[in-house]
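A.B. asks: Coordinates for the following, if possible.
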Amino acid sequence: MRIILLGPPGAGKGTQAAKIVENYNLPHISTGDIFRMNIKEGTPLGTKAKEFMDQGLLVPDELTVGLVTDRISQDDCKAGFMLDGFPRNLAQAEQLDDFLKQTGIELSKVINIEVDKELLVSRAVGRRICKSCGATFHVEFNPPKEDGVCDVCQGELYQRADDNEETVSKRIQVYLDETKPLVDYYSKQGVVASINGDQSIDKVFEDISNSLGSEK
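C.D. replies: Predicted structure coming up:
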């Protein structure tokens with residue numbers, strides 16, 4: 001099974017990604033993880049990516065796609081994988097498609113988690129993250145047992161500096177503007193499953209599972 005998971009900031013994508021990976025036993029592939037791994041290991045692609053990042057520039061699409069296709073060419077991805085938040089734009093999608101066609105790989109499904117923008121802003125503004133282990137909580141939807149203290153490791157919880165209403169709204173709008181062409185692109189291929197992310201975590205995952213069918 002080969003899945004692309006799309007969803008704006010605050011849509012609960014991280015939670016659903018973890019459930020998909022666990023239930024379908026798939027390698028979880030995100031560009032952030034790939035960047036960090038390649039930079040840490042000093043690979044040629046990682047070195048190039050670091051040059052752009054050190055200058056505060058976006059890593060070019062061609063290089064990003066190169067890093068992702070290198071990752072999904074590895075042995076643990078032969079039986080399937082889940083791409084989390086990639087591709088981010090139409091150019092990346094088209095380059096990824098070219099690679100998949102060359103290697104004879106077919107996408108199983110593009111899961112698109114949809115949530116109302118106002119709810120997304122509310123979710124992001126209320127988010128709290130553990131400084132120690134990175135666990136995520138929400139002051140309204142998933143509050144910690146003790147205010148300001150992580151349930152997992154008892155570390156200190158904090159609010160990201162960019163989790164304010166104005167910044168979050170802009171970030172979400174940029175995502176929505178970039179993602180709509182992607183949804184249209186994959187819809188023409190007949191592989192998009194749009195999921196209502198306004199529901200409970202379990203119901204969202206149930207809908208995702210139904211869209212994926214019995215394939216493992």
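A.B. asks: For stretch 94-107, C-alpha coordinates in PDB please.
C.D. replies: C-alpha atoms of stretch 94-107 as PDB (Å, rounded to 0.1, in the frame of the first residue of the first chain):
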ATOM      1  CA  GLU A  94       4.400  15.800 -11.200                       C
ATOM      2  CA  GLN A  95       8.100  15.000 -10.600                       C
ATOM      3  CA  LEU A  96       7.100  12.300  -8.100                       C
ATOM      4  CA  ASP A  97       4.700  10.900 -10.700                       C
ATOM      5  CA  ASP A  98       7.500  10.700 -13.200                       C
ATOM      6  CA  PHE A  99       9.600   8.700 -10.800                       C
ATOM      7  CA  LEU A 100       6.800   6.300  -9.800                       C
ATOM      8  CA  LYS A 101       6.000   5.600 -13.500                       C
ATOM      9  CA  GLN A 102       9.700   4.900 -14.200                       C
ATOM     10  CA  THR A 103       9.800   2.400 -11.300                       C
ATOM     11  CA  GLY A 104       6.400   0.800 -11.900                       C
ATOM     12  CA  ILE A 105       5.000   2.000  -8.600                       C
ATOM     13  CA  GLU A 106       1.300   2.900  -8.300                       C
ATOM     14  CA  LEU A 107      -0.200   5.000  -5.600                       C
END
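A.B. asks: Hmm, Ser108 is touching Ser211, no?
C.D. replies: No - at 10.0 Å, Ser108 does not count as touching Ser211 under the criterion of CB atoms under 8 Å. (Glycine included, C-beta is placed from N, CA and C.)
A.B. asks: Could I get the full set of helices for the protein?
C.D. replies: Across the chain, reading from the start of the chain, the helices by DSSP state H fall at 13-24, 31-41, 44-54, 61-72, 90-103, 117-125, 165-187, 201-212.
A.B. asks: Need the residues that contact stretch 130-145.
C.D. replies: Contacts with stretch 130-145, where a contact means CB atoms under 8 Å, 6 or more residues apart in numbering, come from 14, 122-123, 126-129, 150-153, 155-158.
A.B. asks: Just the buried subset of those residues, please.
C.D. replies: Taking 16 or more other CB atoms under 10 Å as the criterion, what is buried in the contacts of stretch 130-145 is 122-123, 126-129, 150, 155, 157.
A.B. asks: what's the farthest-apart pair in these?
C.D. replies: The span of those, defined through CB to CB, is set by Ser122 and Gly155 at 24.5 Å.
A.B. asks: which residue packs closest to Gly126, ignoring adjacent ones?
C.D. replies: The shortest distance from Gly126 to any non-neighbouring residue, by CB to CB, 6 or more residues apart in numbering, is to Val139 (4.4 Å).
A.B. asks: What about the one you found, how many residues nearby?
C.D. replies: The local packing of Val139 (other CB atoms under 10 Å) involves 14 other residues.
A.B. asks: Got the confidence number for it?
C.D. replies: According to the model's per-residue confidence, Val139 sits at a pLDDT of 90.
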